[in-house]
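Participant: based on what follows, work out the 3D shape:
(one chain, ligands or ions: 3)
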Amino acid sequence: MWRRVTSVSHLTFAHKSTVNKNACTFKCWESFTTEIPRKEKTTYQRAKTPFITFVLGGPGSGKGTQCMKIVENFGFTHLSAGELLRREIASNSADGIMILNTIKEGKIVPSELTIKLIQKEMELSDNYKFLIDGFPRSEDNRKAFEQIFGAEPDVVLFFDCPEDEMVKRVLNRNQGRVDDNIDTIKKRLKVFTALNLPVVNHYLEKGKLYKINGVGTVDEIYKQVHPVFSSFHFEQVRV
Ligand SMILES: Nc1ncnc2c1ncn2[C@@H]1O[C@H](COP(=O)(O)OP(=O)(O)OP(=O)(O)O)[C@@H](O)[C@H]1O
Ligand SMILES: O=c1ccn([C@@H]2O[C@H](COP(=O)(O)O)[C@@H](O)[C@H]2O)c(=O)[nH]1
Ligand SMILES: [Mg+2]
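Facilitator: Ligands and ions are numbered 1, 2, ... in the order given. This is a model prediction of the structure:
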């Protein structure tokens, strides 16, 4: 069993690629001063450091669907940024109307607001493995996250899917989302190309990107995803 601490203003992430080591002010885990080599046989649970995965891809590329399978197999906590924003709208928060209008337009909510919601969920969680789905959506999002958390992600998954397939899936989704209509989808695709692809390229250049072919059945796609996480030797929930 590992120990949690309640205040971390004096602590830092024991993270390989820390950007701003003193920026982490949220409740997290006792950190080690020695660096943990990636993919060694030691489990990350013993390492007690947050393991952060960004899950990227266009609208309808299958991020949420694959996240469910990763949770099931590797015990991650799934944080969908879009879902957190929709929850904020539903709770009639002060920012609700602004978030709703932004989502209807397929635009991006200010970074600090989204990061605040993600940070709150991470604080509430006892887990150390996080899937952050649909974030960062822009270079501004990415830089703000790295500044505030003082850390970069360990893994970035990118679901690569043709636009016509993504449009088809979103229009068939049937979950009553205000942005699942052809007008908003077109806007979201433009925003994805203009603002999200630069983030994908950034992590490609950093060697952190795992590009997954997002076409095929859910299980066929997951076959590409599973080895990404098994290579880290987590204590698996289910094989
Ligand atoms: N491989 C697949 N083949 C066919 N349909 C799929 C596949 N993966 C997911 N879907 C379906 O496509 C729709 C979109 O998938 P999902 O919600 O996982 O995408 P997403 O990337 O999270 O989208 P968004 O960014 O809009 O939240 C869902 O209805 C889902 O059931
Ligand atoms: O980091 C984020 C994530 C999402 N948004 C807004 O929400 C919608 C829906 O997001 P999904 O990931 O598809 O659920 C997205 O189009 C953005 O408008 C955001 O602003 N920032
Ligand atoms: Mg989703």
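Participant: use CA for all of it now, contacts and neighbours both
Facilitator: Will do.
Participant: how near is the closest residue to N213 other than its chain neighbours to S125?
Facilitator: Excluding its sequence neighbours, the residue lying closest to N213 (Cα to Cα, 6 or more residues apart in numbering) is D160, at 5.2 Å. Counting by Cα to Cα, to the nearest Å, the gap from D160 to S125 is 30 Å.
Participant: please say which of those two ends up with more neighbours.
Facilitator: Shown here are D160 and S125; by other Cα atoms under 10 Å, D160 has more neighbours (17 against 13).
Participant: is that one in contact with S61, as I believe?
Facilitator: Yes - checked against Cα atoms under 8 Å, the pair D160 and S61 is within contact range at 7.0 Å.
Participant: need the residues touching each of the two.
Facilitator: Shared contacts of D160 and S61, defined by Cα atoms under 8 Å, 6 or more residues apart in numbering, are found at G214.
Participant: next, the closest residue to V155 other than its chain neighbours: secondary structure please.
Facilitator: Closest residue to V155 apart from its sequence neighbours, by Cα to Cα, 6+ apart: T53 at 4.7 Å. Taken by DSSP: H, G, I helix; E, B strand; the rest coil, the conformation at T53 corresponds to strand.
Participant: now do the contacts for T53.
Facilitator: So T53 contacts K129, F130, L131, I132, P153, D154, V155, V156, L157 (Cα under 8 Å, 6+ apart).
Participant: how about the contacts made by the third one?
Facilitator: Going by Cα under 8 Å, 6+ apart, L131 touches I52, T53, F54, V55, C67, F76, T77, H78, L79, S80.
Participant: what parts of this protein come near ligand 1?
Facilitator: Listed as neighbours of ligand 1 in the chain under the rule Cα under 6 Å from any ligand atom: 58-65, 169-170, 173, 215-218.
Participant: rerun at 8 Å
Facilitator: Contact residues, the chain versus ligand 1 (Cα under 8 Å from any ligand atom): 56-67, 82, 133-134, 159, 166, 168-170, 172-175, 180, 214-221.
Participant: buried members of those into ChimeraX, please.
Facilitator: Remark: buried members of these, expressed as a ChimeraX selection using 16 or more other Cα atoms under 10 Å:
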select :56,57,58,59,60,61,62,63,64,66,67,133,134,159,166,169,170,180,214,215,221
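Participant: show me the helices in the protein, by range?
Facilitator: For the chain, the helices defined by DSSP state H occupy 44-47, 63-74, 81-90, 96-104, 111-124, 139-149, 163-171, 182-191, 197-205, 218-230.
Participant: turn those helices into JSON lines, including mean pLDDT.
Facilitator: Formatted as JSON lines, the helices of the chain follow (pLDDT from 0 to 100):
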{"stretch": "helix 44-47", "mean pLDDT": "48"}
{"stretch": "helix 63-74", "mean pLDDT": "97"}
{"stretch": "helix 81-90", "mean pLDDT": "98"}
{"stretch": "helix 96-104", "mean pLDDT": "98"}
{"stretch": "helix 111-124", "mean pLDDT": "97"}
{"stretch": "helix 139-149", "mean pLDDT": "97"}
{"stretch": "helix 163-171", "mean pLDDT": "98"}
{"stretch": "helix 182-191", "mean pLDDT": "98"}
{"stretch": "helix 197-205", "mean pLDDT": "98"}
{"stretch": "helix 218-230", "mean pLDDT": "97"}
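Participant: what residues does the protein put near ligand 2?
Facilitator: Residues of the chain lying near ligand 2 by Cα under 8 Å from any ligand atom: 58-60, 80-83, 85-86, 99, 102-111, 114-115, 133-137, 141, 179, 188.
Participant: buried among these? Make that a ChimeraX selection.
Facilitator: The ChimeraX command for the buried members of the residues of the chain next to ligand 2 (criterion: 16+ other Cα under 10 Å) is given here:
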select :58,59,60,80,81,85,86,99,103,104,105,106,107,108,109,111,114,115,133,134,135,136,137,141,179,188
